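A.B. asks: what shape does this take:
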Amino acid sequence: MKQAYSRRRFVKVSALNTLGIGIALPLTGKTFLVHAPSPGPDGMPVGNSSFVPVRAASWWCNIEDLLWSQKKIVDKIRFRAEAFAEAGFDTAINFGFHIRFDFANYFGQLHGYYANVCEELHRYNIKFMDHYSCNHVERPRGEEEFRKLHRTQRHHVLLFSDPVAAKHAQYEGHYFNDICQVNLRDGSRGYAKQYQLEAFCHNNPDFLDMHGKYLRRLIKDVPVDGLMVDDMCDYAGPLVCGCNHCRDRFRREYGLEIPPLDDVEFWGDTINISEFQWGNYENPAFRNWLNMRADSVADHLKMVKGVIGDIPLMTCCSSSGPIYLNAVNLNLERMSPMLDFIMLENCGINIKSVNWTRMDSEALHQKDIAFRRGNKPAIALSYTIYEKGGYLGWSLSRFWGVANWSSTLNHRLEEDPEDMMEIEDIAKPFNKWETKQSPLNCHEGIDLAEVRLVNSRYCKENGWRGEDGKEQWDKSAAWSELLLGKNIGYRFVRCEELSDPVALSEEKTPLILDSIACVSDNQVDAIKTYLAGGGEAWLALPFGTHDEKGNKRKSPVSNTLLKSKYKNLIFINTVTDSDPLEKLIKKKRFHPVLTQLAGDERWAARIRFHEGKAVIHFLSRGLVAIPHSSIRDKDNIPVLKDIETTIKDNRLSYVINTSKVPLHSLSVMSPELTEEKRSVTIHELKPGYARIDCNLEGIMIYAVAQPATIR
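C.D. replies: The predicted structure is shown next:
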């Protein structure tokens, strides 16, 4: 007979609202060059290397958990920890009590709750990371904002001060109203209207003192294995911050004053467009102001890392490439020296989630950021409401070669679905399949990189756009989709590596330079050294019209390169105007490792090396979302209920260059086949080339072809 408190019955009785949704290395003929991990920045502790997440899940909290240490709450913790172990998770990441300083009056019982969570999870060798927003308090302004907050942000766990109590809200003697950012328009407290938050200032020493004291208390009270300090940005946008601390810093570092909003030379149009589009990027003073803001957040994060020491640290980042990030001051590359894990938030619970190719550029860009931080773990967080969405998120992590963080997001909806699932029930089947059938170590896998795609944060930070209105990230993202569609392995090269002539010249794979307008002198020298040594580059103009600070050069660097007549410098059209890759292939200037002969080309294939042996990951680009009949997200888009496929021809054949990718016997496997394994037929065509035939019949989303000897 089952015990009275089965997990499912306990969840129902207690009204538990459980919410929760390798780095590319160079290809040089037969030799794969493995970069030595780079050390952490001077003075920055590197997190505990023994803690490496692989299969993580959100540990959802709700407001009744503040009733800890009541037996009901203690039992709930125990049952869920057991369920996490059964589901195969190695890491639990807190979700809830998110706007942390709203709970300042309850830190005692909250930390007691988290300590209890750690105790139970550690019984199963499951690590626990706390996750919270450090620099906000929820302060809806008016009845409409109040109701909006309760409709769309329930997942935060809402317990905020009313307007009367808010005047007195404080922690460690620091009143919240006194440490907020200042609105440049009217001097009021900075307000992020999209989230109904008032924001603290990253340059305010009282806020930094308060946050530091909280961190010391947290790590003293709770044996956390890691911390995710969230919202390291400015959600209030360019309207902030006009406090004395920010003004003093701008004056001290740049000798400049923050001007009033009617200064068109600095701000541009502040009347007719959204504040998130403000700014005259032609003005170096405005660019300096953006630079100061980015440094302010990075300095805050540096303080956090200094307090927590070797406890692993990460923050949240749903995007790292586009210009619009300047408005909210989200700069992952600037923050990365302080981070031990790099996390991509793969946002979305709606039907758009099946169109995953747009996220490939972000995933690989952030994966490179993690690699340059000393090959630190990269983690992808995917949200879901139902089972198929969770499986798609797991499949994406497998395809990208990163750790998977599974999370439901039921409380982002206005009310919980009647048929809501717990994340441990969603993830258990594919977690169990992975550990039994295909336990590939995502952090040790090495992506096949046939080309190197340059993306420039200098272009982003300086707000550069071409005559076609496109920014440089538009080019990078377009190249990503093009390469993905042709099954060509790629990796990103970012600004620091582009400045290193040794790193560039170590590899013989082509360098793609599409619309790299902002280029430093060091980068110019490195590229010249690379080209002079016979390195190959595909260059689409403009190139080097500005320096790294956004200042216009007298003459574009491309003019100098053109005059030098480098043998392997190939000028191409920009990717947003044509398909330069197809032209290069037809002219035999580029030879892909993998060429498809038969089957639906919407099966994306990515080659990764595990234990020195080639593994091929397949992910469908022919998915169709089945919407929920009635449930919609906060943007009124139907929630993803199920997934189908439009692919009919699943018998895939390829020619593969075995001189570059030696093959061992391969078997096709998938959670969709459970324990079935299908042999991949390999036919040698001629020396250095083979045909491979893969049967993906009955598989809709994800499959892997791997050697049996890899465990």
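A.B. asks: against Met335, how distant is Arg494?
C.D. replies: 14 Å (CB to CB, to the nearest Å). Every C-beta, even on glycine, is put in place using the N, C-alpha and C of the backbone.
A.B. asks: now the element after the longest strand along the chain, going C-ward?
C.D. replies: Looking across the chain with DSSP state E, the single longest strand is strand 623-632. Next in sequence after strand 623-632, counting helices and strands by DSSP states H and E, comes strand 638-645.
A.B. asks: neighbour-wise, which of Arg494 and Met335 wins?
C.D. replies: Met335 (24 against 19; other CB atoms under 10 Å).
A.B. asks: which element is that one on?
C.D. replies: helix 332-335.
A.B. asks: same check, this time on Asn291
C.D. replies: helix 284-308.
A.B. asks: give me the domain ranges for this protein.
C.D. replies: 7-236+311-432, 451-586, 594-706 (automatic domain parsing).
A.B. asks: turn those into a markdown table, columns for distance to Phe266.
C.D. replies: Conversion of these to a markdown table gives the following (distance: least, CB to CB, whole Å):
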| stretch | distance to Phe266 |
| --- | --- |
| domain 7-236+311-432 | 11 |
| domain 451-586 | 13 |
| domain 594-706 | 33 |
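A.B. asks: got the ones you listed as a markdown table, with mean pLDDT and distance to Trp278 columns?
C.D. replies: Converted to a markdown table, these look like this (pLDDT from 0 to 100; distance: least, CB to CB, whole Å):
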| stretch | mean pLDDT | distance to Trp278 |
| --- | --- | --- |
| domain 7-236+311-432 | 90 | 7 |
| domain 451-586 | 98 | 11 |
| domain 594-706 | 98 | 24 |
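A.B. asks: quick one on the thing from earlier: and the helix holding Asn291, which residues are buried?
C.D. replies: 284-305, 307-308 (16 or more other CB atoms under 10 Å).
A.B. asks: please apply the same query to stretch 626-643.
C.D. replies: His628, Ile631, Asp633, Pro638, Val639, Leu640, Lys641, Ile643.
A.B. asks: which of those sits closest to Tyr195?
C.D. replies: Closest approach to Tyr195 among the buried residues of stretch 626-643 (CB to CB): Asp633, at 15.3 Å.
A.B. asks: touching, the closest one and Lys352? I think so.
C.D. replies: No - using CB atoms under 8 Å, Asp633 makes no contact with Lys352, being 9.6 Å away.
A.B. asks: and the helices in the stretch 1-150 of the chain?
C.D. replies: 7-13, 71-86, 107-122, 143-152 (DSSP state H, counting those that start in this stretch).
A.B. asks: send me the second one as PDB with only the CA atoms.
C.D. replies: Going back to what we said before, that points to helix 71-86. Taking Å, rounded to 0.1, in the frame of the first residue of the first chain, the C-alpha atoms of helix 71-86 are listed here in PDB:
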ATOM      1  CA  LYS A  71       5.900  20.500   8.800                       C
ATOM      2  CA  LYS A  72       4.000  20.900   5.500                       C
ATOM      3  CA  ILE A  73       6.800  23.000   4.000                       C
ATOM      4  CA  VAL A  74       9.600  20.700   5.300                       C
ATOM      5  CA  ASP A  75       7.800  17.700   3.900                       C
ATOM      6  CA  LYS A  76       7.300  19.400   0.600                       C
ATOM      7  CA  ILE A  77      11.000  20.100   0.400                       C
ATOM      8  CA  ARG A  78      11.800  16.500   1.100                       C
ATOM      9  CA  PHE A  79       9.400  15.000  -1.400                       C
ATOM     10  CA  ARG A  80      10.600  17.400  -4.200                       C
ATOM     11  CA  ALA A  81      14.300  16.700  -3.600                       C
ATOM     12  CA  GLU A  82      13.500  13.000  -3.900                       C
ATOM     13  CA  ALA A  83      11.700  13.700  -7.200                       C
ATOM     14  CA  PHE A  84      14.600  15.700  -8.500                       C
ATOM     15  CA  ALA A  85      16.900  12.800  -7.800                       C
ATOM     16  CA  GLU A  86      14.600  10.400  -9.600                       C
END
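A.B. asks: now that helix: buried residues?
C.D. replies: Neighbour-count burial for helix 71-86 flags Lys72, Ile73, Lys76, Ile77, Arg78, Phe79, Arg80, Ala81, Glu82, Ala83, Phe84, Ala85 (criterion: 16+ other CB under 10 Å).
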